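> sharing a model that was predicted from the sequence below.
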Amino acid sequence: MSTSQAAVIGLTHRASEDTGHGHRGPESKSIVVPYGFWLFVLSDIVLFSALFATYASLAHATDGGPTSRELFSRPTAGVETLALLLSSFVCGLAMIAARHRNLAWTQIWLLVTGLLGFAFLAIELREFASLIADGAPPQRSAFLSSFFTLVGCHGAHVTCGLLWIGTMMAQILAKGFQPHIMRRLLCLSIFWHALDIVWVAIFTLVYLVGTLP
Amino acid sequence: MTEQDRQRPDVAPGEPHDSLMSETISYVVGLGFALILTGLSFWVASTPLLWGPGVATGLVVLAIAQMGVHLVFFLHITSGPDNANNVLALAFGVLIVFLVMIGTIWIMGHMNANMGVGADLMNLQMQH
């Protein structure tokens, strides 16, 4: 089939240079790698949606134990939200600095991103510790099991992200802004922004809707 | 679609813009919107001025709006022709998320309501 025939029946991809038979070849690695990572992040969000659904189903199954209204503090959730949002913003600044090959600012912004993420994690762990000390451990009720699974899974992701940020800082220092380092950096920023998106759902459903009067 | 659009290759998700000014503005505007929406969420949840039963729905709407802000201003997912693959993947993800969440909440809610036991007994059954 000629290219013009393919164009008439809608087989071509954009302009006529692509015959629809792989003629133009695959996209460059700088597109394919972040796109593949984007697919992973979306499937990770699907995993979180299952945990959200579980939490929503079990939120009132408290077995006569403490309820979400008694346990959760809005100010704490507010500080956590602010820390993670600023962390996501600063991660964007680090990406801009990296794009302009500015080593010092890339490292500084990545460090600030990591420190804000660490602050978020520290507040979350303190909250978990105080819940467990106050007689609300995961084994207390189905509600608490699903709460620790959902929020703990997000916290585990943040922990992985922090390790990744540290790794990238070391790799940028050792290898400079090579194309494969830039790809990894872009994947890291996608991951970090996605974690903030999941947290928006958590603070709304768990900490705000869960503490409505 | 102009000739220029056709020539432009696809962009990766999260890829910042070309100019320093426009990408910095994008992140700052995104942060501003996100802060406003977060503040609004916390205000809506605590104010006595609003109709009580509608507050939860309002909070969910605010959360979805904020997710949109993050996607557009931080992850640079746009409706442009160079973003078609990214948007289609996102649309499929959102479809699955809605199926899982609404399906589960709907079915589990009806099971609780229709199984013929009182809420207290169902509460007991769902503890393990």
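Ah, there it is.
> quick one, helices of chain B?
In chain B, the helices defined using DSSP state H lie at B:3-7, B:20-46, B:55-69, B:84-114, B:119-125.
> I'd like those laid out as TSV, including mean pLDDT.
Below are the helices of chain B laid out as TSV (pLDDT from 0 to 100):
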stretch	mean pLDDT
helix B:3-7	49
helix B:20-46	90
helix B:55-69	94
helix B:84-114	90
helix B:119-125	60
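> tell me which of these lies nearest to residue A:201.
helix B:55-69 (6.0 Å; Cβ to Cβ). Just so you know, the C-beta spots here come from the backbone N, C-alpha and C atoms, and that holds for glycine as well.
> and that closest one, how far out from the chain's middle?
Computed by Cα atoms, centre = their mean, to the nearest Å, the separation of helix B:55-69 from the middle of its chain amounts to 7 Å.
> hang on, the earlier thing: CSV please, covering the helices of chain B and showing distance to residue A:50 and mean neighbour count.
Output for those, formatted as CSV (distance: least, Cβ to Cβ, whole Å; neighbours: other Cβ atoms under 10 Å in any protein chain shown):
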stretch, distance to residue A:50, mean neighbour count
helix B:3-7, 38, 10
helix B:20-46, 24, 17
helix B:55-69, 18, 18
helix B:84-114, 6, 14
helix B:119-125, 21, 13
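> switch these over to CSV; also include distance to residue A:102.
Shown next, in CSV, are the helices of chain B (distance: least, Cβ to Cβ, whole Å):
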stretch, distance to residue A:102
helix B:3-7, 30
helix B:20-46, 10
helix B:55-69, 27
helix B:84-114, 27
helix B:119-125, 57
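> contacts only, for residue B:86.
A:35, A:38, B:11, B:12, B:13, B:77 (Cβ atoms under 8 Å, 6 or more residues apart in numbering or on different chains).
> can you check residue B:56 too?
By Cβ under 8 Å, 6+ apart, the contact list for residue B:56 reads A:209, A:212.
> select from the contacts of residue B:86 the one having the most neighbours.
Neighbours here mean other Cβ atoms under 10 Å in any protein chain shown. Within these, the largest count is held by residue B:13, at 28 neighbours.
> got the contact list for it?
Taking Cβ under 8 Å, 6+ apart, we find residue B:13 in contact with A:34, A:35, A:37, A:38, A:190, B:75, B:76, B:77, B:86.
> returning to that earlier point: nearest to residue A:205, of the helices of chain B?
helix B:55-69 (7.7 Å).
> between that closest one and helix B:20-46, how big is the angle?
Helix B:55-69 and helix B:20-46 are oriented at 170 degrees to each other (axes from the mean of the first three to the mean of the last three Cα atoms, to 10 degrees).
> output helix B:55-69 as CSV, restricted to C-alpha atoms.
Provided in CSV are the C-alpha atoms of helix B:55-69 (Å, rounded to 0.1, in the frame of the first residue of the first chain):
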residue,chain,number,x,y,z
VAL,B,55,-19.3,19.2,52.8
ALA,B,56,-17.8,15.7,52.0
THR,B,57,-18.8,16.0,48.3
GLY,B,58,-17.3,19.5,48.1
LEU,B,59,-14.1,18.2,49.6
VAL,B,60,-13.9,15.5,47.0
VAL,B,61,-14.4,18.0,44.2
LEU,B,62,-11.7,20.3,45.6
ALA,B,63,-9.3,17.3,45.8
ILE,B,64,-10.0,16.3,42.2
ALA,B,65,-9.4,20.0,41.2
GLN,B,66,-6.1,20.0,43.0
MET,B,67,-5.0,16.7,41.3
GLY,B,68,-5.7,18.4,38.0
VAL,B,69,-3.5,21.4,39.0
